[in-house]
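> fold the following.
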Amino acid sequence: MDQIFKDLKVIELASVLAGPAVGLFFAELGAKVVKVENKKGGGDITRTWRLASEDKNAPVSAYYCAINWNKEVLLVDLSTTEGKEQVYELVREADVVIANYKKKSAQKLGVDYAQLKAINATLIYANISGFGEESERVAFDVVLQAESGFMYMNGQPESPPTKMPVALIDILAAHQLKEGILVALLQRYQSGKGAYVSVSLLEAAVASLANQATNWLMAGHIPQRMGSLHPNIAPYGELFETKDNKLLILSIGSNRQFVQLCNSLERFDLLEQEIYKTNGSRVKNRTSLAEELRQSFGEFEAAIILERCHQNFVPIGLVRNMKEVFEQETAAKMLLEEEIDGMKTLRVKTAAFKLDMD
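Model prediction:
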């Protein structure tokens with residue numbers, strides 16, 4: 001599967017996260033990806049987005065490495081005729097161009113769809129904007145998390161609106177653009193025609209609101225900050241500390257799972273109480289239920305209760321830090337290595353699916 005796009009040529013004119021994530025996806029699947037960076041500005045701005053703990057003399061930041069792998073990097077000044085010609089030469093042989101320019105900027109630099117299509121009529125031009133094609137607003141992920149309702153919902157009841165710890169809107173937009181490109185490639189295979197594919201960060205975010213959107217649209221409910229709790233299911237999202245000070249989280253989605261949870265904890269008495277018989281009653285009485293369960297979890301070590309729950313098909317998880325995440329065999333197998341400017345780099349692959357071709 002990793003070479004399925006070995007004959008595909010992708011030009012990445014995008015910077016930061018969303019666009020380069022799309023380029024990374026195609027690079028992982030074997031495409032030749034040329035990453036064009038702004039020579040005048042010193043390259044992709046994320047090259048310098050270092051943690052305080054990172055070596056300030058390192059050639060690139062860990063952030064930059066997270067989303068750039070197996071790409072041919074070309075530093076170009078698009079404000080010059082020479083720079084434009086370099087890109088046009090690449091475009092002549094390209095299948096896909098990925099961009100995240102504002103409309104006026106792309107036109108001024110000579111790399112908008114109309115100008116590149118004139119060079120390559122079968123080109124698929126894929127563009128990510130912040131608030132839509134016509135908007136000139138500056139868009140960063142945290143702003144979109146705020147504008148799309150995610151921040152308002154996220155956090156503890158007593159906390160202010162809180163951003164998620166990854167640039168999730170960028171990642172969601174990248175997935176949308178990948179899907180659009182794949183549809184355009186299929187269409188081109190059938191018709192021989194190129195295409196313009198676009199998505200805004202705002203549209204990608206709103207498209208991902210799922211049940212929280214319909215809770216408002218159909219029930220008039222404005223989702224409030226509940227921490228990890230679920231408004232429709234209980235126990236779901238509550239945290240429980242074990243005897244050995246590990247934190248576990250539950251996501252009980254059916255009566256059968258609740259029965260198995262009580263069996264695992266040896267809390268048969270809870271099954272006899274009417275206030276916990278159904279999901280609806282558990283949601284209504286989730287505070288008292290959580291307290292009952294909290295006492296029980298405190299009597300077990302994490303490994304023991306996790307094993308019991310897994311054997312009984314109870315949805316439960318251990319709250320892991322990043323070190324513990326990559327101690328898992330599955331996560332450890334998802335790493336991609338590369339040397340960039342003499343520095344060993346690591347990142348997680350983004351094409352997590354498997355495809356077996358007969």
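> tell me which residues are up against whichever helix or strand Leu239 is part of.
Taking DSSP states H and E as the criterion, Leu239 maps to strand 236-241. Strand 236-241 is touched from outside by 226-230, 247-253, 286, 290, 293-294, 297-298, 319, with contacts defined as Cβ atoms under 8 Å, 6 or more residues apart in numbering. All C-beta atoms are positioned from the backbone trio N, CA, C, and that covers glycine.
> residue contacts, the nearest residue to Thr48 once chain neighbours are set aside?
Once flanking residues are discounted, Thr48 sits nearest to Ser61: 6.3 Å by Cβ to Cβ, 6 or more residues apart in numbering. Each residue near Ser61 by Cβ under 8 Å, 6+ apart is listed here: 46-51, 54.
> how close does Ser61 get to Gly23?
17 Å (Cβ to Cβ, to the nearest Å).
> now swap in Thr330 and tell me
25 Å.
> which one's more surrounded, these two?
Counted by other Cβ atoms under 10 Å, Thr330 and Gly23 do not tie: Gly23 has more neighbours, with 27 against 9.
> just checking, what packs against the helix or strand where the more buried one lies?
When elements are assigned from DSSP H and E, Gly23 belongs to helix 18-28. The criterion is 3 or more Cβ pairs under 8 Å, 6 or more residues apart in numbering; DSSP states H and E, and the helices and strands that helix 18-28 contacts are strand 9-12, strand 32-38, helix 62-67, strand 71-76, strand 96-99, strand 124-129, helix 168-191.
> go again with 10 Å.
Secondary-structure packing of helix 18-28 (3 or more Cβ pairs under 10 Å, 6 or more residues apart in numbering; DSSP states H and E): strand 9-12, strand 32-38, helix 62-67, strand 71-76, strand 96-99, strand 124-129, helix 168-191, strand 335-340.
> can you list those in a markdown table and add mean neighbour count and mean pLDDT?
Shown next, in a markdown table, are those (neighbours: other Cβ atoms under 10 Å; pLDDT from 0 to 100):
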| stretch | mean neighbour count | mean pLDDT |
| --- | --- | --- |
| strand 9-12 | 24 | 98 |
| strand 32-38 | 22 | 96 |
| helix 62-67 | 21 | 94 |
| strand 71-76 | 17 | 94 |
| strand 96-99 | 26 | 97 |
| strand 124-129 | 26 | 96 |
| helix 168-191 | 19 | 96 |
| strand 335-340 | 12 | 92 |
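> the ones you listed: which one's closest to Asp2?
Counting by Cβ to Cβ, Asp2 lies closest to strand 335-340 out of these; the figure is 10.4 Å.
> now intersect the contacts of strand 236-241 with the helices, please.
Among those, the members falling in helices (DSSP state H) are 286, 290, 293-294, 297.
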